[in-house]
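> based on what follows, work out the 3D shape:
(one chain, ligands or ions: 1)
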Amino acid sequence: MLRRPRRLRANRAIRNLVRETKLNVEDLIYPLFIVEGENIKSEISSLPDVYHFSVDMLEDEIKELVELGIEHVLLFGIPHDHEKDPFGSEGYNDNGIVQRAIRKIKEIDSNMNVITDVCMCEYTNHGHCGILTESGYVDNDKTLEYLAKIAVSHVKAGADMVAPSDMMDGRIKAMREALDSEGFEHIAIMSYSVKYASTFYGPFREAANSAPSFGDRKTYQMDPANSDEALIESELDILEGADILMVKPALSYLDVIRRVKDNYDLPLAAYSVSGEYAMLKSAVKNGILSEGAIYESTMSIKRAGADIIITYFAKDLAKMLKNNM
Ligand code: PBG
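Residues are numbered from 1 along each chain as shown. Predicted coordinates:
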């Protein structure tokens, strides 16, 4: 035998030397859920080891992230129920929950890269990601104005990057123009370009109290059966000015991640969503899988082509990477 691949698996150092894909703590973005109120740090029942934080309780969490080397957070705001209305107005309140959280995080550590999820479902009383027509259809073009207002308000509060997750047509252009007209042309947009109508968001909707009160999101989020469409969505976002593309969810869509990566040169993010986290976490907690499954599955997302990974496992992964797993 002239060729023996096992030679390069002989010991740990050699394996490290020839490793093709390297997961780094710099690749990771950690989602944070911010709630109204004071003195709140409460575990989210659908997402074990992930917490709701009130703004005043963010300090320890941010410091822990910094210590672990995690430099990016993705913020989700959860307003009071009575603050929700058909237009999601609380979403662009300059003193809203996300806006206050941004200011607080920047005060705790100005180097933390604060990315905000821009969407309306947490702020509308009907739970849809936009403004409804009388018949209950999400009015695309009307929604764009509101999304742009939310994005501008986040950036005014100090956000470093905005991440629209609504899946309206034309939102990147609308947001880009609004940001530019306010003098924020230096702020990047990480677009949830390829976002599927996925059952894997279930635990998140419980955490964010954002499930639609009627119907589903299939008229705006993508059909899980489609992958050519992922290229159309990516291309449109690039033409409209997106700086980073994203595929979401990740684990059931590794083929889509690879296709987008092979076709476009923009940095590509993948969102390993709440359902993926909940599945793996419960298997590990119950002793069915070892912790290595977390590393292996996140590695598979990177190997598929993601440069950036948004994951609730960011802290676990940072610890594993520190221990040179
Ligand atoms: C808001 C939004 C959702 C997620 C991120 N942004 C929920 C949804 O579209 O219903 C899901 C994230 C996760 O499941 O971890 N539109």
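
> show me where the protein has helices.
12-17, 58-68, 97-108, 140-156, 171-181, 202-208, 228-240, 254-263, 274-285, 292-304, 314-322 (DSSP state H).

> flag the shaky bits of the stretch 151-300 of the chain, pLDDT-wise.
Applying pLDDT under 70 to the stretch 151-300 of the chain picks out no residues at all.

> for the ligand, what are the nearby residues on it?
On the criterion C-beta under 6 Å from any ligand atom, the ligand has as its neighbours in the stretch 151-300 of the chain the residues 165, 201, 204, 205, 217, 273, 274. (Each C-beta comes from the backbone N, C-alpha and C, glycine too.)

> rerun at 5 Å
165, 201, 204, 273, 274 (C-beta under 5 Å from any ligand atom).

> make a ChimeraX selection of the buried ones in the residues you listed.
Those of these that count as buried under 16 or more other C-beta atoms under 10 Å are selected in ChimeraX with:
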select :165,201,204,273,274
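
> make CSV out of the residues of the stretch 151-300 of the chain next to the ligand and add distance to residue 59.
Listed next are these as CSV, based on distance: C-beta to C-beta, whole Å:
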residue, distance to residue 59
165, 27
201, 29
204, 25
273, 27
274, 25
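
> that older thread, do you know which of the helices of the chain lies nearest residue 4?
Counting by C-beta to C-beta, residue 4 lies closest to helix 12-17 out of the helices of the chain; the figure is 12.8 Å.

> and for residue 216, the neighbour number?
Residues near residue 216, counting by other C-beta atoms under 10 Å, number 12.

> residues near the residue of the stretch 1-150 of the chain found nearest the ligand, how many?
At 3.9 Å from the ligand, residue 119 is the closest residue in the stretch 1-150 of the chain, using C-beta to the nearest ligand atom. Residues within reach of residue 119, counting by other C-beta under 10 Å, total 26.

> and for residue 136?
12.

> go on, residue 118?
Residue 118: 30 neighbours (other C-beta under 10 Å).

> show me what contacts the nearest residue to it once chain neighbours are set aside?
Nearest residue to residue 118 in three dimensions, chain neighbours excluded: residue 164, at 4.4 Å (C-beta to C-beta, 6 or more residues apart in numbering). Listed by C-beta atoms under 8 Å, 6 or more residues apart in numbering, the contact partners of residue 164 are 118, 119, 147, 151, 171, 172, 175, 189, 191, 192.

> cheers, nothing more for now.
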